[in-house]
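J.: Generate a structure from the sequence data that follows.
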Amino acid sequence: MKKILLLAVFIISSTVFSQKRQHQKNELSTEQKTQLMIKKLSIDLDLSSKQIAKITPIMVDKATKMEAKKAEFKSKRGEHKQDRKILSSDDKFKMAMAHIEEQEAFQNKMKNILNKDQYATWKEMHKKHGQKRKAMFSHKKKGHKGCNGKRDQKCDKSAA
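T.: I've put the predicted structure just below:
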């Protein structure tokens with residue numbers, strides 16, 4: 001009787017766990033993401049129709065670039081570690097500078113479209129979003145890379 005009961009529990013639990021693994025995340029298309037970003041900005045910043053018309057191509061371009069980078073990272077993730085290219089410090093510097101220049105260009109475009117109050121509100125929203133991303137990234141990193149997310153540090157279990 002106990003064996004039958006254990007077997008039944010095992011079958012039910014394996015079925016439940018296998019169904020959870022099959023669940024796939026439905027992602028939004030680039031157009032949907034763009035429309036959501038524009039709608040949120042128009043609500044938060046009280047944008048005029050002229051401003052929305054000017055911001056739309058900027059957001060489409062930003063979303064397209066984000067999707068391209070996401071696809072690039074996914075393709076690199078599949079490569080074996082020995083096949084991955086190790087970046088030199090110059091390459092890292094160039095990538096960081098390119099990223100900062102993109103941010104600066106985006107900021108200048110937004111500054112030209114928004115009025116002073118809207119721009120100040122947008123900067124504050126942008127800052128809060130960045131802080132949330134950093135907090136989320138550091139939280140994820142803590143669980144995967146040793147103690148407090150630091151790779152080279154030995155983790156003292158009693159101190160943590």
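J.: And the residue positioned nearest the centre of the chain, what's its pLDDT?
T.: Of all residues in the chain, the one closest to the mean position by C-alpha atoms, centre = their mean is Arg133, 7.4 Å from it. Predicted confidence (pLDDT) for Arg133: 80.
J.: Helix or strand: which one has it?
T.: In the assignment (DSSP states H and E), Arg133 maps to helix 116-144.
J.: any weak-confidence spans in the chain?
T.: 15-25, 78-84, 140-160 (pLDDT under 70).
J.: now with 90?
T.: Along the chain, segments meeting pLDDT under 90 span 1-34, 37, 41, 44-45, 47, 62-92, 95, 122-123, 125-160.
J.: Can you show me the helices along it?
T.: 2-22, 30-45, 49-77, 89-113, 116-144 (DSSP state H).
J.: which of those helices is buried the deepest?
T.: Ranked by mean neighbour count under mean count of other C-beta atoms under 10 Å, the helices of the chain are led by helix 30-45, which reaches a mean of 15. All C-beta spots, glycine's among them, are computed from the backbone N, C-alpha and C.
J.: what angle do that helix and helix 49-77 make?
T.: Orientation of helix 30-45 against helix 49-77 (axes from the mean of the first three to the mean of the last three C-alpha atoms, to 10 degrees) gives an angle of 130 degrees.
J.: Only C-alpha atoms, please: export helix 30-45 in PDB.
T.: The C-alpha trace of helix 30-45 is given here as PDB (Å, rounded to 0.1, in the frame of the first residue of the first chain):
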ATOM      1  CA  THR A  30       9.300  45.400 -31.200                       C
ATOM      2  CA  GLU A  31       6.300  47.400 -32.400                       C
ATOM      3  CA  GLN A  32       4.400  46.600 -29.300                       C
ATOM      4  CA  LYS A  33       7.300  47.500 -27.100                       C
ATOM      5  CA  THR A  34       7.700  50.800 -28.900                       C
ATOM      6  CA  GLN A  35       4.000  51.600 -28.600                       C
ATOM      7  CA  LEU A  36       4.100  50.900 -24.900                       C
ATOM      8  CA  MET A  37       7.200  53.100 -24.300                       C
ATOM      9  CA  ILE A  38       5.600  56.000 -26.200                       C
ATOM     10  CA  LYS A  39       2.300  55.600 -24.400                       C
ATOM     11  CA  LYS A  40       4.000  55.500 -21.000                       C
ATOM     12  CA  LEU A  41       6.000  58.600 -21.900                       C
ATOM     13  CA  SER A  42       3.000  60.500 -23.200                       C
ATOM     14  CA  ILE A  43       1.100  59.800 -20.000                       C
ATOM     15  CA  ASP A  44       4.000  60.500 -17.600                       C
ATOM     16  CA  LEU A  45       5.200  63.600 -19.400                       C
END
